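>>> Take a look and give me a structure for this.
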Amino acid sequence: MQRESSVSSPIPLRAGLSPSCVWLPNASHTLLLDFLTTRFNEIPRSIWQDRLVEGLVLNQQGVPFDLDSPYIANQHIYYYRHIENEPQIPFIEQVLYQDEHLLVADKPHFLPVIPSGKYVQETLLTRLKNKLGLDDLAPIHRIDRETAGIVLFSINPETRDAYQALFRNHSIHKTYEAIASNREDLMLPMTYQSRMVKGEPFFRMKEIEGEYNAKTDIERLEVNGDFAKYRLSPITGKQHQLRVHLAALGIPILFDPFYPALSDWKSDYSKPLQLLAKDIAFVDPVSQRSHQFTSEQRLLDWESIVQLMHRHHD
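This next block holds a predicted model:
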């Protein structure tokens with residue numbers, strides 16, 4: 001069985017990145033390079049050659065392999081991801097709070113929380129590790145790359161599970177703000193619930209019949225022409241929950257590149273998804289202090305929205 005993960009290992013961080021780990025199964029490869037090219041067939045062979053030459057693929061003792069290293073099954077190996085010409089994200093995160101256990105960050109739109117796809121260095125986790133020298137930093141929860149706002153991180157692995165339990169036990173209160181279409185016939189406030197599962201393509205979610213697993217409280221805060229600002233309180237934490245729920249109600253969040261249909265807004269920095277993880281409140285499981293943190297990020301003002309919508313329709 002082939003396994004790949006980011007695990008606790010004796011291999012040190014490199015530029016804020018933990019190494020990824022992969023298991024070498026019984027197979028008929030001659031060279032390690034052959035296995036890597038086959039196992040990760042979406043990555044060109046030349047990339048793996050470069051990683052081997054640069055010493056970015058290591059054994060369990062931290063010794064780098066080379067281009068001619070033979071394939072030896074039944075062991076873990078480690079490798080560092082490296083992306084040529086990684087896109088630079090011109091928005092800066094803030095640290096709102098930090099103690100020996102907890103870090104609270106305020107994430108801008110477009111910045112991923114963790115390395116994935118074409119982003120490795122340009123992620124909230126890697127930026128914070130590099131900036132603060134916190135090798136054990138790990139997100140306690142995540143928000144979408146397109147969403148701005150509050151993200152909690154664990155600093156101390158020994159107390160990490162206590163903070164993660166806040167989310168498992170629904171002992172944390174989160175509120176979001178969103179700008180979306182206005183439906184005057186929609187009776188608000190309301191609680192919307194549905195059953196959500198993976199959709200197509202793989203990065204989208206969809207609703208199906210069945211017992212609900214996603215639940216959101218929705219309130220309208222203000223109206224301006226065809227749009228309104230909403231306060232959203234997710235009771236559950238399904239991927240893309242708020243985006244799917246508002247789209248299902250016929251009020252998709254402004255500049256959403258995934259719902260109700262795919263668009264090219266994801267790469268347009270002038271049109272950030274109008275969704276903000278605004279507030280988070282909880283009782284600290286270690287200190288027993290009551291915490292409430294509020295994002296300093298902002299959604300677009302009404303005048304900017306009108307200008308962008310006119311530009312979009314021209």
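>>> can you give me the helices in the stretch 1-150 of the chain?
For the stretch 1-150 of the chain, the helices defined by DSSP state H, counting those that start in this stretch cover 32-39, 45-53, 124-132.
>>> what's the least confident stretch among those?
Of all the helices of the stretch 1-150 of the chain, mean pLDDT reaches its minimum on helix 45-53 (a mean of 89).
>>> What is the neighbour count of Gly250?
Neighbours of Gly250 under the rule other C-beta atoms under 10 Å: 12. Any C-beta I mention is one placed from the backbone N, CA and C, and that applies to glycine too.
>>> So for it, what's the nearest residue that isn't a sequence neighbour?
Closest residue in space to Gly250, ignoring its immediate chain neighbours: Arg183 at 5.8 Å, by C-beta to C-beta, 6 or more residues apart in numbering.
>>> contacting residues for the one you found?
Arg183 is in contact with Leu249, Gly250, Ile251, counting by C-beta atoms under 8 Å, 6 or more residues apart in numbering.
>>> just Asn74 next, same as before
Asn74 is in contact with Leu24, Pro25, Asn26, counting by C-beta under 8 Å, 6+ apart.
>>> List only buried entries from the residues you listed.
Buried subset of those (neighbour count, 16 or more other C-beta atoms under 10 Å): Leu24.
>>> mind putting the contacts of Arg183 in CSV, pLDDT, distance to Leu132 and secondary structure included?
Output for those, formatted as CSV (pLDDT from 0 to 100; distance: C-beta to C-beta, whole Å; DSSP: H, G, I helix; E, B strand; the rest coil):
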residue, pLDDT, distance to Leu132, secondary structure
Leu249, 98, 40, coil
Gly250, 97, 43, coil
Ile251, 97, 39, coil
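>>> Columns distance to Lys131 on top of those residues, output as JSON lines?
JSON lines is the format used below for these (distance: C-beta to C-beta, whole Å):
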{"residue": "Leu249", "distance to Lys131": "40"}
{"residue": "Gly250", "distance to Lys131": "42"}
{"residue": "Ile251", "distance to Lys131": "38"}
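>>> Now do the strands for the stretch 101-250 of the chain: every range, in order, please.
Ranges of strands within the stretch 101-250 of the chain are 102-107, 138-139, 148-154, 173-181, 190-198, 205-208, 214-224, 227-234, based on DSSP state E, counting those that start in this stretch.
>>> just those: most buried one?
Most buried of the strands of the stretch 101-250 of the chain by mean neighbour count (mean count of other C-beta atoms under 10 Å) is strand 148-154; its value is a mean of 25.
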